[in-house]
Structures are given as C-alpha cells and as structure tokens.
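S.K.: predicted model and sequence follow; I will ask about them next.
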Amino acid sequence: MGMAKTTKSKRKPSAAFMKPVQPDDLLAKVVGGTPLPRTELTKKLWAYIRKHGLQDKKQRTLINADESLQAVFNGKKQVSMFEMTKLVSGHLK
C-alpha cells in the first residue's frame with residue numbers, strides 16, 4: 001500500500017520524463033531513430049560513450065566526441081556531462 005502513495009506524489013515529473021522523445025537524424029546515429037523516453041536515451045548515450053571509450057581518462061566529467069557525437073555536440077570535440085545533456089536536448093523533435 002505504501003508504494004502506491006509514493007508513485008502518486010511523484011507522478012507528474014516522472015510522466016514527463018518518461019514521455020518518448022524523437023531523436024533527430026544526427027542523434028539517431030548514436031541512440032537509434034525510434035522514439036524513446038529520456039531515461040532510455042540517457043542510458044543509450046552512456047552505453048555508446050562507454051563502448052567507444054569516449055569518457056576522458058583524466059577528467060571523468062568530460063566526454064570526448066567521436067564523429068557521430070561531434071555532430072550532436074554542435075562540432076565540439078569535448079563537452080562536460082552537463083553540457084552534453086543540454087546539447088542532446090537540442091536534437092529532440
């Protein structure tokens with residue numbers, strides 16, 4: 001019973017967060033072209049970053065962009081995690 005209450009109070013932001021978003025063509029190269037919730041988008045983005053070893057070795061908060069990510073990051077070769085979130089949001093329809 002207690003769980004139902006928690007779900008109810010957190011419902012609004014969670015619903016918006018879970019609403020599928022559509023990646024544009026540039027972002028689709030990284031996370032795929034199907035609409036997906038932001039949470040999944042973030043997971044796929046990180047999976048891609050890890051798979052390609054794009055997290056900076058010295059400064060873990062920095063992402064080194066490969067060709068596909070550079071397109072998403074507006075041509076930047078390196079962005080911080082926070083900047084990445086902002087730039088990725090710009091590629092959602």
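M.R.: Looks like it arrived, so ask away.
S.K.: least confident secondary structure element in the chain?
M.R.: Every helix and strand of the chain was ranked by mean pLDDT, DSSP states H and E. The lowest is helix 2-18, at a mean of 58.
S.K.: next helix or strand past that one?
M.R.: Using DSSP states H and E, the helix or strand that follows helix 2-18 in sequence is strand 20-21.
S.K.: just checking, what packs against that following strand?
M.R.: Strand 20-21 is packed against strand 36-37, with contacts defined by 3 or more CB pairs under 8 Å, 6 or more residues apart in numbering; DSSP states H and E. C-beta here means a position set from N, CA and C on the backbone, and glycine is covered the same way.
S.K.: what about the strand it packs on, distance to the chain center?
M.R.: With CA atoms, centre = their mean, to the nearest Å as the basis, strand 36-37 stands 10 Å off its chain's centre.
S.K.: ok, that strand: who's next to it in the sheet?
M.R.: In the sheet, strand 36-37 lines up against strand 20-21 (antiparallel) (DSSP bridges).
S.K.: tell me the helix or strand right after the strand it pairs with.
M.R.: For strand 20-21, the following helix or strand on the C-terminal side (DSSP H and E) is helix 25-31.
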